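*Asks:* Take a look and give me a structure for this.
(chains A and B)
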Number of protein chains: 2
Amino acid sequence: MKFGSYNQIHDSIRQSVDRFNINDDFKPDLMIAIGGGGFIPARILRTFLKKTSRGNIPIQAIGLSLYEELANANGEEKPGTQVQKTQWLNFGASHSEISLLGRRILIVDEVDDTRTTLAFAVEELQKDIEAEEIRKGMKPGESNTVLGIFVLHNKLKTKKRDLPEEIKKNYFAAVEMPDQWLVYPWDAVDIEEHTELANKHQ
Amino acid sequence: MKFGSYNQIHDSIRQSVDRFNINDDFKPDLMIAIGGGGFIPARILRTFLKKTSRGNIPIQAIGLSLYEELANANGEEKPGTQVQKTQWLNFGASHSEISLLGRRILIVDEVDDTRTTLAFAVEELQKDIEAEEIRKGMKPGESNTVLGIFVLHNKLKTKKRDLPEEIKKNYFAAVEMPDQWLVYPWDAVDIEEHTELANKHQ
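*Replies:* Next up, the predicted model:
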C-alpha cells in the first residue's frame, strides 16, 4: 500500500517536467485530462508548463469509464476491458474553437494500471484527428498532430493493452512503481492522518 | 495575500459538506466543474459526497474564459465581463448518455470573485435545461432540475453579476473571505515554502 501526500505529488510533477525536459522537447500546447482522475494532475502540471503566446496551456476534459462486459456466448467475462465515453471534446460545434490539428497534445491521467483507458483514449483521439484532417482536405497524418501521455504513476506490470510506438516515445510517468495499492490524497477522509502515513513511508 | 495549503483546502471542503448538510439537503447527483479552477475542488468534493446507486457522483467539465471586450461604439471598455465557452457538455450526441433533466446539479469552481463566470454558467445551463425540456415535450421548469453552486472561496465584495434567487438558496462557499489576493497550492512553484506560509498565516 502506498500513500502519496499532496505535496509529494505536486513535487513529483515539478521534477518530472524537468527530468523529461517536457517544455523543451515535447512542447505541449494542449492538455486533455481524463476525468475525474486526470483533473488534479493536469491542473498541477499546468503550473509547470511554459505558457504559450495565448497564455496558460488549455485543459480540455474527457470522461471515460471502465465497465464490466457482460458474459459473452461462452460464458466468459472480461471485467474492466470495455470503456465508455461519458464526456468528449466538442469539435466544430458553434461554441467551440478547438481544433486538434497541428497541436502537441498531452493526455493526462492519474495512474497507468492496465493501460486499457489510456489505449482507448489514444485510439479515439487518433480517429478524431484523422476525421478532422479528412474534413479539411488533408491526408491522414498530414497535420503533424502529436500525442503524448503524462501520468502520475505507472504501475510496472503486464498491461492489458499496448500503446502505438509513436506514443510510447512521448510517454511520461512522474513515478514508476510496483503493482501495489495506491491511495491518493484527494481520496483521503482524514487528510492529516493520510499525510503522516505518506511522510512515514516515502 | 492569503495562502492555502492543500491540506487546509481539503479539510475546508470536508467541513463545508457537513456544515451545509449538502448530502442530506441539496443531495447532488451531478457535478459540473468549471475548468481549470474547478477541477481540483470538484475532485476533492466527490470524496465527501454520498455515492448514488450508480457509484461516485459523476463530474462533467465545462471550460469558460473571461475575455476583454473590445471598445464599443462609445469607446468604453468593460474588461473581464465577457465569457467565452472553450468546452461545453455533450448532450444528445451518440456517445453521451448525459441528460440534465431531473438532476440535482452542483456547479463547482475555485473562487467567486466578480461572479461573472458563475452567472454565465448558470444562465447557459438554464438555457440548456429549458431546451432539453422543450425537446422532450415538457413545459419549462417541469423537469424539476435543480442547480446549486459550490466554491472554495467567496470574496466578500460587490459582484458584477447577480445570481437568480433560486440558485442563491443553494450556494455553498467553503470559505468566505475579504477581497484579497489568494494563492492556491496548485499554483505554487515551491510547494514546501507555500505550505509554510499557509500554516503560518492560517
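*Asks:* what does the model give the residue nearest to A:G4 when sequence neighbours are not counted for pLDDT?
*Replies:* Of all residues not flanking A:G4 in the chain, A:A198 sits nearest, at 5.6 Å (Cβ to Cβ, 6 or more residues apart in numbering or on different chains). In this view, the C-beta of every residue, glycine as well, is placed from N, C-alpha and C. Here the pLDDT value assigned to A:A198 is 97.
*Asks:* which element is A:A198 on?
*Replies:* Using DSSP states H and E, A:A198 sits in helix A:191-200.
*Asks:* now do A:D24
*Replies:* Going by DSSP H and E, A:D24 is not in any helix or strand.
*Asks:* ok, now which ones touch it?
*Replies:* Residues near A:D24 by Cβ atoms under 8 Å, 6 or more residues apart in numbering or on different chains: none.
*Asks:* For B:K85, see how far away it is.
*Replies:* Between A:D24 and B:K85 the distance is 32 Å, computed by Cβ to Cβ, to the nearest Å.
*Asks:* for A:G148, same thing?
*Replies:* 26 Å.
*Asks:* Those two: who's more crowded?
*Replies:* The neighbour comparison of A:G148 against B:K85 (other Cβ atoms under 10 Å in any protein chain shown) goes to A:G148, with 24 against 18.
*Asks:* my guess is that one meets A:E166, correct?
*Replies:* No. At 9.6 Å, A:G148 does not count as touching A:E166 under the criterion of Cβ atoms under 8 Å.
*Asks:* got the CA coordinates for stretch A:50-64 in CSV?
*Replies:* Once non-C-alpha atoms are left out, stretch A:50-64 reads as follows in CSV (Å, rounded to 0.1, in the frame of the first residue of the first chain):
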residue,chain,number,x,y,z
LYS,A,50,5.6,27.1,-20.3
LYS,A,51,2.9,29.4,-21.3
THR,A,52,2.1,29.8,-25.0
SER,A,53,1.6,33.2,-26.6
ARG,A,54,-2.0,32.9,-25.7
GLY,A,55,-1.4,32.2,-22.1
ASN,A,56,-1.7,29.0,-19.9
ILE,A,57,-1.8,25.7,-21.7
PRO,A,58,-5.5,25.0,-22.1
ILE,A,59,-7.0,21.9,-20.5
GLN,A,60,-9.8,20.0,-22.2
ALA,A,61,-11.6,17.3,-20.3
ILE,A,62,-12.8,13.9,-21.4
GLY,A,63,-14.7,11.4,-19.3
LEU,A,64,-14.1,7.7,-19.7
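*Asks:* what sits up against it?
*Replies:* A:23, A:27-36, A:38-39, A:42-43, A:46, A:49, A:83-89, A:98, A:108, A:117, A:120-121, B:33, B:35-36, B:39, B:58-61, B:63, B:86-87.
*Asks:* mean confidence score for it?
*Replies:* 92.
*Asks:* in that stretch, what's buried?
*Replies:* A:I57, A:P58, A:I59, A:Q60, A:A61, A:I62, A:G63, A:L64 (16 or more other Cβ atoms under 10 Å in any protein chain shown).
*Asks:* In three-state terms, how would the last one be classified?
*Replies:* Going back to what we said before, that points to A:L64. Of the three states, A:L64 takes strand under DSSP: H, G, I helix; E, B strand; the rest coil.
*Asks:* Please tell me how far it sits from chain B.
*Replies:* 11 Å (Cβ to the nearest Cβ, to the nearest Å).
*Asks:* pLDDT at the residue nearest to A:K155 when sequence neighbours are not counted, what is it?
*Replies:* Computed as Cβ to Cβ, 6+ apart, the closest residue to A:K155 that is not its neighbour in sequence is A:D179, at 4.9 Å. Looking at A:D179, its pLDDT reads 96.
*Asks:* Specify the local secondary structure of A:D179.
*Replies:* coil.
*Asks:* so who does it touch?
*Replies:* Neighbouring residues of A:D179 by Cβ under 8 Å, 6+ apart: A:K155, A:L156, A:K157.
*Asks:* Now, of these, which are buried?
*Replies:* When those are checked for burial by 16+ other Cβ under 10 Å, the buried set is A:K155.
*Asks:* Is it possible to get JSON lines of the contacts of A:D179 that adds secondary structure and pLDDT?
*Replies:* Shown next, in JSON lines, are these (DSSP: H, G, I helix; E, B strand; the rest coil; pLDDT from 0 to 100):
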{"residue": "A:K155", "secondary structure": "strand", "pLDDT": "98"}
{"residue": "A:L156", "secondary structure": "coil", "pLDDT": "98"}
{"residue": "A:K157", "secondary structure": "coil", "pLDDT": "97"}
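*Asks:* Nearest to B:R103 among the contacts of A:D179?
*Replies:* A:K155 (34.8 Å; Cβ to Cβ).
*Asks:* so the residue nearest to the spatial centre of chain A bridges to which residues?
*Replies:* Residue closest to the mean C-alpha point of chain A, counted by Cα atoms, centre = their mean, is A:V108 at 2.4 Å. On the basis of DSSP bridges, A:V108 is bridged to A:A33, A:F150.
*Asks:* Could you check how far it is from chain B?
*Replies:* Computed as Cβ to the nearest Cβ, the A:V108 to chain B distance reads 11 Å.
*Asks:* My read is that that residue contacts A:A33, right?
*Replies:* Yes. The pair A:V108 and A:A33 passes the contact test of Cβ under 8 Å, sitting 4.8 Å apart.
*Asks:* which neighbours do these two share?
*Replies:* What both A:V108 and A:A33 touch, as defined by Cβ under 8 Å, 6+ apart, is the set A:P41, A:A42, A:I59.
*Asks:* and those residues, which of them are in strands?
*Replies:* Among the shared contacts of A:V108 and A:A33, DSSP state E puts A:I59 in strands.
*Asks:* Closest to chain B out of the shared contacts of A:V108 and A:A33?
*Replies:* Proximity of these to chain B was ranked by Cβ to the nearest Cβ; the top entry is A:I59 with 4.9 Å.
*Asks:* Who are the packing partners of the lengthiest helix in chain A?
*Replies:* Identified as the longest helix of chain A according to DSSP state H is helix A:116-135. Under the contact criterion of 3 or more Cβ pairs under 8 Å, 6 or more residues apart in numbering or on different chains; DSSP states H and E, helix A:116-135 touches strand A:30-35, strand A:59-67, strand A:82-87, strand A:104-112, strand A:146-155.
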